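Peer 1: Here you go, sequence then predicted model.
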Amino acid sequence: MRRNRLTISFVTFVAVGLALTSGLAMADANQNYTDGDLELTEPAEPLHINPTIAGGLTFWNDRTAFETAFPANTLEDFTGTLVPANNVLACGPTISSTSNDGCFAPGGVVDGFEMGVVPPFTPPTEDMVVATPPFLGVDCVTVGPNTFGDSAYIDFDPPVGQMGIMNSNPLAAPTTINIEVFGAGGSLGTTTADATFPPSFWGVSSDEPITRVEFVDSAGSNSDLQCDLQFGLPQTTPVIEVPTLDKAALAGLVLLLVAAGLVAVRRFN
């Protein structure tokens, strides 16, 4: 098998440029974005799942249509990161508004979600990673598991009615992601999406509030990342209250209708 080998060395916050041949994928699940020595091989075969919908889910692949349908969504583009341009840095095990590490200060991202690694994670770490443009050619601040064999989750608190995200793979696009959507009672359904480069949009809306979404690497070594997370509270249909009449008001209405009817009869005659 033909192998391309790249040696990457850097100190914290040193910009690194990599020229990679398209169609290559990470073969070693233990490799990660902050390794000093990356080895690439041909793409691994994805393990597809059979999509199921159990909770009134609607899947979206058109970002414009999604944002038109849900204009009040909150957007997190991760540009509040502490990581300088053209860099990659391993963070803590999660990314949320309470993060306090080299990637984000507290309040560096909006409230309402937490991103992390789906257990069991690949030893020795369960770090998330941030890559800033133009590192590896990314055009948005990109986040995800640092280790290629790991998969990501997003928890929502409070639960949301819809969420969307850009799926990216700067090293091995296109790859397949197996996605599972959860509500308070468990799984609402599963589907698949592509991680492309440049990134492509995937979204979901649900009749039942969404508490968690898992993005599982279908091949176990594909190094998928994400950017531009958006989400919104469940949309509710306005309730129009019809005024009710008490007995006296109802009797008055009946008399009024009778009187109006008598007047109409007299005029007709």
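Peer 2: It's in. Numbers count the residues shown, from 1 in each chain.
Peer 1: For the rest of this, base every contact and every neighbour count on C-alpha atoms.
Peer 2: Fine.
Peer 1: Give me the residue ranges of the stretch 1-150 of the chain where confidence is low.
Peer 2: 1-55, 121-125 (pLDDT under 70).
Peer 1: And the helices in it?
Peer 2: Per DSSP state H, counting those that start in this stretch, the stretch 1-150 of the chain carries helices over the ranges 63-69.
Peer 1: Tell me, how many residues neighbour residue 71?
Peer 2: Around residue 71 there are 11 other residues, counting by other Cα atoms under 10 Å.
Peer 1: same question, residue 225
Peer 2: 28.
Peer 1: cool, residue 234 as well?
Peer 2: 18.
Peer 1: got the contact list for residue 100?
Peer 2: By Cα atoms under 8 Å, 6 or more residues apart in numbering, the contact list for residue 100 reads residue 106.
Peer 1: Got the phi and psi for it?
Peer 2: Main-chain dihedrals, residue 100, degrees, to the nearest 10: phi -150, psi 80.
Peer 1: distance of residue 172 from residue 164?
Peer 2: With distances taken as Cα to Cα, to the nearest Å, residue 172 is found 22 Å from residue 164.
Peer 1: now swap in residue 85 and tell me
Peer 2: Applying Cα to Cα, the value for residue 85 to residue 164 is 25 Å.
Peer 1: These two: which has the busier surroundings?
Peer 2: Applying other Cα under 10 Å to residue 85 and residue 164 shows that residue 164 carries more neighbours, namely 25 against 16.
Peer 1: Chain neighbours aside, what residue packs nearest to that one?
Peer 2: Leaving aside its sequence neighbours, residue 164 sits nearest to residue 203 (Cα to Cα, 6 or more residues apart in numbering; 3.8 Å).
Peer 1: who does the helix or strand harbouring the one you found pair up with?
Peer 2: In this structure, residue 203 sits in strand 200-217 according to DSSP states H and E. Sheet partners assigned to strand 200-217 using DSSP bridges are listed as strand 57-60 (antiparallel), strand 152-168 (antiparallel), strand 175-183 (antiparallel).
Peer 1: Next, the distance between the ends of stretch 88-99.
Peer 2: Terminal residues of stretch 88-99 lie 17 Å apart, using Cα to Cα.
Peer 1: just use 35 as the starting number from now, easier for me
Peer 2: That works, and once the first residue is 35, the last one we named lands at stretch 122-133.
Peer 1: Just the buried residues of it, please?
Peer 2: Residues of stretch 122-133 classed as buried under the neighbour-count rule (16 or more other Cα atoms under 10 Å) are 122, 123, 124, 125, 126, 127, 128, 129, 130, 131, 132, 133.
Peer 1: Just name the closest of those residues to residue 145, please.
Peer 2: Of all these, residue 131 has the smallest distance to residue 145: 5.3 Å, by Cα to Cα.
Peer 1: my read: that closest one touches residue 141, true?
Peer 2: Yes - using Cα atoms under 8 Å as the test, residue 131 is close enough to residue 141 to be in contact (4.7 Å).
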